[in-house]
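1. No sequence on hand, only this structure:
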């Protein structure tokens with residue numbers, strides 16, 4: 001745990017790392033057309049640069065706590081930032097799509113290491129009594145990066161070139177690296193590792209993600225390969241749950257289950273409202289500033305409420321889940337401003353309350369593992385939406 005100004009510098013360092021990871025998660029998507037033109041590739045081929053980025057993240061995340069214990073927190077995070085920054089440079093200088101895919105995969109591994117390590121370090125630097133505050137800072141870093149990703153990337157692409165989206169990471173990466181080596185302590189937690197569980201989770205999540213993600217692109221995967229990936233992915237996840245479920249802290253277990261459900265429902269609403277939301281935003285741009293500001297107020301109030309009385313976590317989650325289901329029902333009927341507003345309020349309440357619940361009692365060696373599981377489970381919840389909306393209808397059509 002850190003004190004006084006060191007705590008805030010460590011928190012700032014971690015937030016910069018989280019923002020970089022969030023910015024590069026989807027920010028490059030707006031440059032697909034320019035990349036296609038420069039590298040002579042199809043849309044299906046260009047979309048692989050996002051797939052491999054997330055794949056690299058999924059591969060490294062389950063092993064991040066072990067690597068951190070071997071190298072030390074500071075060294076591991078520092079080398080992760082260096083890897084991410086160097087790969088950003090090579091991504092910007094890529095002369096072919098294959099080169100871009102390779103460097104993007106390595107960049108994703110650096111981002112995944114940054115994600116888990118910086119989240120863990122930020123959480124550890126605050127006392128456990130202020131766990132809600134530390135998680136608010138985590139969400140602020142991730143949310144800032146994700147929110148700025150598309151508009152900044154779009155501006156850079158329009159005014160300059162898509163390569164500068166990657167080059168923009170370099171100065172921030174250098175700053176983050178210097179802050180890491182100056183302010184982060186090089187502690188570590190030696191512990192026994194359940195390698196079988198981590199391998200099952202990694203293989204299961206990666207196969208499930210690739211099988212569900214690439215099947216959305218016509219001709220990308222043939223049916224036998226897709227079914228094989230899905231079966232291996234589901235088998236790996238089921239075996240991981242069977243091996244680890246009863247060994248996890250009860251609050252972490254509850255948080256992971258709730259986050260899986262929350263990610264799945266949010267994914268459904270994104271699929272339902274995506275096209276309608278763009279139309280609503282274009283016709284009512286000023287109103288959406290209000291919709292964007294309300295969740296910020298809600299998440300601050302929710303954090304203060306939980307910080308004041310930790311027993312309020314579960315009631316807040318119950319209210320948030322009710323609002324989430326109400327917004328889903330409204331979106332199924334008609335995508336309107338009330339539905340989007342209720343959804344944004346529900347997401348603000350649930351994001352901070354579920355994360356705080358999951359990590360509320362974890363310390364030391366268990367914290368890094370809990371953070372890693374949290375991110376992988378969240379991604380699994382999202383890809384299960386693809387299973388419902390894309391894969392099952394596709395397979396039913398194929399076997400008619």
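-> Happy to help now that I have it. Bear in mind the structure is a predicted one, so any value in this text is a computation, not a measurement.

2. tell me which residues in the strand or helix carrying residue 151 are buried?
-> Assigned by DSSP states H and E, residue 151 falls within helix 131-159. Neighbour-count burial for helix 131-159, counted by 16 or more other CB atoms under 10 Å, picks out 131-146, 149, 152-153, 156-157. C-betas here are computed from N, CA, C, even on glycine.

3. per-residue pLDDT, the residue nearest to residue 76 when sequence neighbours are not counted?
-> Using CB to CB, 6 or more residues apart in numbering and skipping residues adjacent in sequence, the residue nearest residue 76 is residue 68, 4.4 Å away. pLDDT for residue 68: 87.

4. and what of the one 3 residues further on?
-> Here the pLDDT value assigned to residue 71 is 86.

5. Go ahead and confirm it touches residue 80.
-> No - using CB atoms under 8 Å as the test, residue 71 is too far from residue 80 to be in contact (9.7 Å).

6. Pick out whichever of those two has more residues nearby.
-> residue 80 (30 against 17; other CB atoms under 10 Å).

7. and that one, helix, strand or coil?
-> Secondary structure assignment for residue 80 (DSSP: H, G, I helix; E, B strand; the rest coil): helix.

8. which ones are touching it?
-> By CB atoms under 8 Å, 6 or more residues apart in numbering, the contact set of residue 80 is 17, 110, 113, 114, 117.

9. same question, residue 89
-> Residue 89 makes contact with 166, 167, 170, according to CB under 8 Å, 6+ apart.

10. buried residues in the helix or strand hosting it?
-> Assigned by DSSP H and E, residue 89 belongs to helix 73-92. For helix 73-92, the neighbour count (16+ other CB under 10 Å) marks 73-88, 90-92 as buried.

11. And for stretch 292-303?
-> So for stretch 292-303, counting by 16+ other CB under 10 Å, buried means 295, 298, 299, 302, 303.

12. ok, which pair from these is furthest apart?
-> Greatest spacing in these, by CB to CB: 295 and 303 (12.2 Å).

13. now the helix holding residue 89, how far from the centre of its chain.
-> In terms of CA atoms, centre = their mean, to the nearest Å, the centre of helix 73-92 is set 18 Å apart from its chain centre.

14. I'd like the mean pLDDT over the helix or strand just after it, please.
-> Following helix 73-92 in sequence order, the next helix or strand is helix 97-124 (DSSP H and E). The average pLDDT for helix 97-124 rounds to 92.

15. Stretch 139-153 now?
-> Averaging pLDDT along stretch 139-153 gives 86.

16. List the contacts of residue 248.
-> Residue 248 makes contact with 256, 370, 373, according to CB under 8 Å, 6+ apart.

17. from these, which ones fall inside helices?
-> Among the contacts of residue 248, the ones falling in helices (DSSP state H) are 256, 370, 373.

18. ok, the second one to residue 251 distance?
-> When distance is defined by CB to CB, to the nearest Å, residue 370 is 9 Å away from residue 251.

19. Find the residues that touch each one of the two.
-> Counting by CB under 8 Å, 6+ apart, the shared contacts of residue 370 and residue 251 are residue 358.

20. Which one of those two is surrounded by more residues?
-> residue 370 (25 against 17).

21. one step back: so among the contacts of residue 89, which ones count as buried?
-> Taking 16+ other CB under 10 Å as the criterion, what is buried in the contacts of residue 89 is 166, 167.

22. Out of the contacts of residue 89, which is nearest to residue 315?
-> residue 166 (44.3 Å).

23. Now that closest one. Nearest residue, chain neighbours left out?
-> Residue 166 sits nearest to residue 92 (CB to CB, 6+ apart), 3.8 Å away.

24. pretty sure the one you found is touching residue 167, no?
-> Yes - taking contacts as CB under 8 Å, residue 92 lies within contact range of residue 167: 4.8 Å.

25. list the buried ones in the helix or strand harbouring residue 70?
-> Assessed by DSSP H and E, residue 70 sits inside helix 64-71. For helix 64-71, the neighbour count (16+ other CB under 10 Å) marks 64, 65, 66, 67, 68, 69, 71 as buried.

26. same deal with stretch 15-30?
-> 15-28, 30.

27. By mean pLDDT, point me to the weakest helix or strand of this protein.
-> Ranking every helix and strand in the chain by mean pLDDT, DSSP states H and E puts helix 392-398 at the bottom, with a mean of 62.

28. where does this structure have low pLDDT?
-> 1-3, 188-193, 216-221, 273-291, 335, 389-400 (pLDDT under 70).

29. mind giving me the domain ranges of it?
-> By the assignment in automatic domain parsing, the chain contains the domains 1-190, 250-361.

30. gap between the longest one and the chain center?
-> Meaning domain 1-190. How far domain 1-190 lies from its chain's middle: 11 Å, per CA atoms, centre = their mean.
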